[in-house]
Structure formats: C-alpha cells, structure tokens
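In: quick one, structure for this:
(2 chains)
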Number of protein chains: 2
Amino acid sequence: MFDEKTVLRIPGPTPVPPEVTRAMTHSMIGHRSGDFSTLFKEVQENLRELFQTSGDVAVIAGTGTAGLEAAVYSMVQQGDRVLAISTGNFGDRFTDIARRTESEVLTMNCEWGTSANVQEIVETLQQYPDIQVVLLTHCETSTGVLNDVKEIARVTHEHGAYLIVDAVSSFVGSPLLMDEWHVDIVVTGSQKALGLPPGLALVAMGPRAIERMKEGPAARSFYFDLRRYQKDISASTTPWTPPVSLIYGLRQSVSMILAEGLQKTQDRHRLLRDMTRAGIRALGLTLMVEDDHMASHTVTTVFVNHADEVRKIMKNDLHLAVAGGQKQLAGKIIRIGHMGYVDASDVLQCLATLEIALVKTGYDITLGTGVGAAAEVYVHAENTRN
Amino acid sequence: MFDEKTVLRIPGPTPVPPEVTRAMTHSMIGHRSGDFSTLFKEVQENLRELFQTSGDVAVIAGTGTAGLEAAVYSMVQQGDRVLAISTGNFGDRFTDIARRTESEVLTMNCEWGTSANVQEIVETLQQYPDIQVVLLTHCETSTGVLNDVKEIARVTHEHGAYLIVDAVSSFVGSPLLMDEWHVDIVVTGSQKALGLPPGLALVAMGPRAIERMKEGPAARSFYFDLRRYQKDISASTTPWTPPVSLIYGLRQSVSMILAEGLQKTQDRHRLLRDMTRAGIRALGLTLMVEDDHMASHTVTTVFVNHADEVRKIMKNDLHLAVAGGQKQLAGKIIRIGHMGYVDASDVLQCLATLEIALVKTGYDITLGTGVGAAAEVYVHAENTRN
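Out: Residues are numbered from 1 along each chain as shown, chains lettered A, B, ... in the order given. From the prediction side, this is the model:
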C-alpha cells in the first residue's frame, strides 16, 4: 500500500508542492520561442529578488555541484590564490573542484560540527594578501552547521577578494543578502528549499563577479562558462537547451515563496529548526551542533545509537525518511531535513516517528516527550500562522 | 505557501495515493471498446474479492447516496414493509430514501453514539413478520459507531428478509463477509477507504438480491435500476456511460489493497483506531463512543470544547483538517478520519496537531501526552510493519 509513500525529511530532495508538480506538466515549448523568453524573463526577475541581487542568475541544467563548478571555473583564473574554507563533506567537494583549476588552493579545514572561525579567516587573508577568491559553504549539509556568511563576506570584501558561496541547502531557508553583504557569487540547487525535483543549478552573479568574468580569460569549461549564461540573460534566453519543465516548476515555486514572503519563509524555517532542536534535546539526544547560532535552519544533525537501524525503522515501518551520516559520521548521526514545503505539523510527525524508532532500538525514553517539547516551542512562538 | 496543503483527516474524501492519481491520467478511451471491457472485467473480479461475494458489483457514476438510492429503489417493492435502522445522520438519510418508495417504512432510531441493539431488532422482526427488507448502516459516519452487521444479518436472514448495508465509510476498513454473513446488498463510495476522489458508487449484489430484482417489478428509477447494471456485468460493460478515469483509479486502488492483503488493510485500520482512541483518552477528552467494540475502525468522534475553533486552528495554522459534528452534534464534537491511505505516523501527526489546537483554545494538557499514548499502542502492537 505504501510502496511509494516516503515522507521526505532528508536534506533534499524535498517534497514537491502539488502546484509545482502541476506546473511542470505544461506542454513542451520551443526553447527559442517567445513563450520561453516570457517565462524566463519572469523567472529571472523573481530570482533576483530571492537572491537579493541586482546581478544576473544563471539557470543551468545540472545540480548543485554543477553550479559550484560553473562558479569556480568561471571565476577562478590561472595563477589565482584561492582560499577554500571547508566545514564538512560539501566544503571538501567545493575544494576538490577548485583543485581542478590552475590555481593555488589554500585549504582551511574546520572541525566537523563547528562553523568557520572568522578571526582565523582574517589572519589567513592577512598572511596571504594575494588571495583573490574565497570559497565558503553557507549551510554545510553533512554536519548541519551554518557559517556566518555576512561576517566572512565583510572581511573578504575588505581584503579585496571575491567570495563564492555554496548556498545549496540554505537558500531561502536562511537570510543571505547577496549585494548588501558583498557576496559575489551564490550557488543553489532546485531540490532543496525551492521544493523542485533535482536538475537545476542556479548561480547568481553579482556586479563585481560579472565584471571579473568579462575581463578574464575564457572559462575552463565550455558548458559551464557563466559569461555565456550571463550574456544571454539580457535576451531572456539561455546559451544551451534549458530544462523547460523544471523552469516552469521554478516559476511556480519562486512565486509561492514570494507570495509567502521571503522573510516569512525564513521565519518558518527558523521555527522548524527551533522545534526540531527542542524535541531532540527533550529526548536526551545530543545535537551535533550544540551552539544554536551555528545551527542550520534547514537540516538538524543528531548523534543516535544504531543510527542506520533507526532510519530503517522510520523508513520501512513508518514511511518517513531521514538521512544518515556521511564519511566519518556514517552510522553515527541522523540528519533531519526541514526545508521547503514543510510545516510545523510535519516536524511533529517526524519527531513522533523518530521516538518510536528510538524505543524500538532500545532507548529508554517516554514516548511523546520530543513531540511535546517541539509543540511547546510552536505554541510559544510569536507568529505561528503561515 | 500552503494554500493547497490540507492533510485530510476527515472521514472522506481521503488522501488519494499518487499511484491512483497517475492511473486516472490514463488517456480517455471509448466506453464501448474492448479496452474498457478488459479494464472493467479486471475491476469486477477484484471487487468481488473485496466485497467477499460471488455476486456482482454495480459501478455507478454517482456518490454513496446514489448507491443507497440504487439499492433501495431496486430492491424495495411496492407494499413491502421496510425496517430502517438508524444510528445517526446517515441512517436517517437511508430512511429518507426508503420513504420515497411506495413501501411501509418502519423506523428504529437508536441513540446517537450507540449501536443498534440486536435484541430489539429480533423483537421488531417478531412483531412485524412481514418485514421484507432491512436497512442498516455499518459505520455511522456522523457518530463513529460501528454496527454489528454479522449478528443483524444473521437474525435478518433467519427472518427471511433482505439486508441492505450502507458500508460507505467502513468498506475495506472493517470486516464485512457479505456472502458468508448473508448480507444481500452492500453499498460503498469511492472517496473513503478506497482512496479515490468522489464520484463512484459501488453496489454489491448477492445471489438472493439478484434473484429478487429479477423477479420483481421495474425499479423506481431508470438510471439507478440495478438490474440493468447487473445484466451488463456479464458482458463486462455498464448500462450508461461509465466514469472511465475513476474506474482506472479504482483498478489501481483495488489492486493496492489486494497487494497489501484485505486482512492486513483491516488490521491497519484497527490499529489506527486503537492509537487514536488511546491518544484521545490520554488527553482526558471524552470519546463519543465509549465502548471499544462499538467504535468505528475508520472514524473517531470526540467531544471537544470550542470544537469548531479547534478545527479552524488545525486547518489554518497546521494544514490538517478534521471534520465537525453534524446536526445536533454541530460545534460539540470533532470527527477524525483514519481511513484509506493513512499510516501510523499520520495518526501521530494528527494528534500532535490536535494537542496544539487544544492548548491554544485553553485546554490544560501536557503537550505530547496524546501522541505518546498513541505511540505506545503502536510500539506494543504485534505486527506494526506495513
């Protein structure tokens, strides 16, 4: 009966709203038609608002990793010194991409579960005045850490370097004021808080980034050359065939977020984060990110005994999926996604399901404790209507 | 964001599984084609299994009420004495339909919240030996009462009368062994535990019913004349244009139930009922149907102060809908549907949502109590894997 029922509480892909699913069933159209230009123009304008930038947003057929590669291959030039800040698995991936360029990659690896230390970054920038590009992950999906983009952007900008931010799993869930904070490139993917299926990378390019790319040499990649995407945006088109259905879905998703209001969307994600963390704490479990200020608004990581068995019970018996740990965290943590098309009752359901799996794997907890604590947070929150 | 998100915990319509939604998008076909015959034949065979009958199942474009009318108008003959047993609003509707026929309708109205008393029925049958047809609601959706079809069918059969059962909201949720128990007609609708959109009435006709209709006069209604439907079933067709898309959905729904196994489907509904009732009791609320043996497997009714305000909070703030009371119960109870495409984690979500609404309307409860009690029932159930 429930073969296809999996309530997705993994950090992406996330549930796709029915409105978005329907939008994607639009009849196929020619991508060099006026119909497509009209669609793309509307999407582009709304994306600028979501990214909080006056720049342009490349819409690439590819996933978040493709977006990161496009950003790095288009922005990093031969001989550049690149500071790659990694706070986990996805920071490492970002670094690996940079290593494929003919640049000098300086790595700053932070302890998993903690965010990047701004003071350390300042010192590194002082030590290496020739750092031209800084790579930073906003929300590190493998650990649930949120990095302080605002502060790191400030010191990077003061240094005169460019900042590229991987916002794949934080986008629209956490504030990121791209132009105001002087972030040059922001990358995200479709399958996180945007609530779309995977297949789209979005790369927002601020004015300084556009300038640098224009003046620099050709990008390392042909397909991922952001200059081509950026140039075509003024003509409301894309350099290569765009994934039309996903772009119809994107239009719907973006318009739903703007209808909710970006601020309200972010408030909702923060509330779901706070509910989840309160529930986990009430159950006596250990949060991987103890400091609330470092904790992601979109994914919560929790140390759990027999983590994979717990996940299996949740998935097989109760049809709700949370993610497991990656690399050295495999089998040690679960990662609960609460991003996109998710509301308070969804978080309560997730915690109720987790509690059952904990009891079934030998935890001595009182059933309902986590749900109750999360519900308390909800009830006492200022504005819980959405 | 959540304009279209309403988790349906009303007693129908219920959530439609994605497999069923997809099945209904099948290209339109001619209803007098071989394609339709093939489809209808498969559905008919599977329906016989679900209804537990060797008879035929009329598939009517209409809703449950249409099915009741078809049954009554086809089975009740001029001058018949009909015993209409009513345990609530839908029993009253059944009675009203019978009153449109040229028969003598004898009513037995039971107190709302209690099931029909078998001894009283026996006495009535003795008192009126000319009762030819008995009308009974299996699950009375307005009160959450489950009537003892098996026993009532036994005494009706002994009396020599025909029994027509309204199983609209109980079908596949509660056992009903049509042939074995000597039930002559069973009526259901598509939008309950079958998990289809509304629009289909199913009327199963047992051998004795088919015999009576064949020998009797023309039915009061042309459209609802079951003889026409029954006659066409052997040719794998329907007398009038059938709702083709819904029948594609029905094929999918029925095959999913048979894949789960009818017994397991019923076990699941019983478990969800037991979880819901345990949760409600732990919250200190009063169940309308106190006796577990009289309690529906598909809908649970609960006395709640400010019931409509509670429902409003659940719906508007937490995007989960439960139903309110009907007639004299308006504003006094909520009705929680747990039928069809619903699992244990869905029931926990519903209770968590209810708890918040209770607190917000002034109830002094400890959040998590109801969820915890329901989860306890789940954990201690024998077979909780589905």
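
In: so what touches stretch A:177-188?
Out: Identification of contacts with stretch A:177-188 by C-beta atoms under 8 Å, 6 or more residues apart in numbering or on different chains yields A:51-55, A:64, A:67-68, A:70-71, A:75, A:149-150, A:153-154, A:156-157, A:162-168, A:171, A:176, A:194, A:201-209, A:212. (Glycine included, C-beta is placed from N, CA and C.)

In: backbone dihedrals for the residue nearest the centre of chain A, please?
Out: For chain A, the residue nearest the mean C-alpha position is residue A:169 (1.5 Å; C-alpha atoms, centre = their mean). Here is the backbone geometry of residue A:169 (degrees, to the nearest 10): phi -100, psi 0.

In: and what of residue A:233?
Out: Here the main-chain torsion angles of residue A:233 (degrees, to the nearest 10) amount to phi -60, psi -40.

In: I'd like to know how many residues surround it.
Out: By other C-beta atoms under 10 Å in any protein chain shown, the residues close to residue A:233 number 19.

In: quick one: the nearest residue to it once chain neighbours are set aside and residue B:67, what's the gap?
Out: Nearest non-adjacent residue to residue A:233, counting by C-beta to C-beta, 6 or more residues apart in numbering or on different chains: residue A:56, 4.5 Å away. Separation of residue A:56 from residue B:67 (C-beta to C-beta, to the nearest Å): 59 Å.

In: neighbour-wise, which of these two wins?
Out: Taking other C-beta under 10 Å, residue A:56 and residue B:67 do not tie; residue B:67 has more neighbours (29 against 24).

In: that's a strand at the more buried one, yeah?
Out: No. Per DSSP: H, G, I helix; E, B strand; the rest coil, residue B:67 lies outside any strand segment and is helix.

In: around chain B, which positions in the stretch 201-350 of chain A sit nearby?
Out: Counting by C-beta under 8 Å from any C-beta of the partner chain, the stretch 201-350 of chain A comes close to chain B at A:256-257, A:259-260, A:265, A:268, A:316-320, A:341, A:343-346, A:348-349.

In: so which of those residues are in helices?
Out: Counted as lying in helices by DSSP state H, out of these, are A:256-257, A:259-260, A:265, A:268, A:316-318, A:344-346, A:348-349.

In: quick revisit: quick check, pLDDT for the residue nearest to the centre of chain A.
Out: Confidence at residue A:169, expressed as pLDDT, is 98.

In: over to residue A:135. Which of the three states is it?
Out: strand.

In: which residue packs closest to it, ignoring adjacent ones?
Out: Leaving aside its sequence neighbours, residue A:135 sits nearest to residue A:84 (C-beta to C-beta, 6+ apart; 4.6 Å).

In: who does the residue nearest to residue A:288 when sequence neighbours are not counted form a beta bridge with?
Out: Nearest residue to residue A:288 in three dimensions, chain neighbours excluded: residue A:301, at 3.9 Å (C-beta to C-beta, 6+ apart). Per DSSP bridges, the residues bridged to residue A:301 are residue A:335.

In: okay, residue A:301: pLDDT?
Out: Here the pLDDT value assigned to residue A:301 is 98.

In: what ranges does the stretch 101-250 of chain A have for its helices?
Out: Using DSSP state H, counting those that start in this stretch, the helices found in the stretch 101-250 of chain A span residues A:118-127, A:149-159, A:178-181, A:207-215, A:226-233, A:244-260.

In: and the contacts of the second one?
Out: Contacts of helix A:149-159 with the rest of the structure, by C-beta under 8 Å, 6+ apart, involve A:85, A:116, A:118, A:121-122, A:125, A:129, A:131, A:134, A:136, A:138, A:162-163, A:165, A:176-177, A:181-183.

In: can you check what angle separates that helix from helix A:207-215?
Out: Orientation of helix A:149-159 against helix A:207-215 (axes from the mean of the first three to the mean of the last three C-alpha atoms, to 10 degrees) gives an angle of 50 degrees.

In: pLDDT of helix A:149-159, averaged?
Out: Helix A:149-159 comes out with an average pLDDT of 98.

In: cool, and the longest one?
Out: Mean per-residue pLDDT for helix A:244-260: 98.

In: ditto for the fourth one
Out: The predicted model gives helix A:207-215 an average pLDDT of 96.

In: same for it, what does it pack against?
Out: Using 3 or more C-beta pairs under 8 Å, 6 or more residues apart in numbering or on different chains; DSSP states H and E, the elements in contact with helix A:207-215 are helix A:64-75, strand A:162-166, helix A:226-233.

In: ok, which of those comes nearest residue B:41?
Out: The closest of the helices and strands packed on helix A:207-215 to residue B:41 is helix A:64-75. By C-beta to C-beta, the value is 49.1 Å.

In: gap between the closest one and the chain center?
Out: Helix A:64-75 sits 15 Å away from the centroid of its parent chain (C-alpha atoms, centre = their mean, to the nearest Å).
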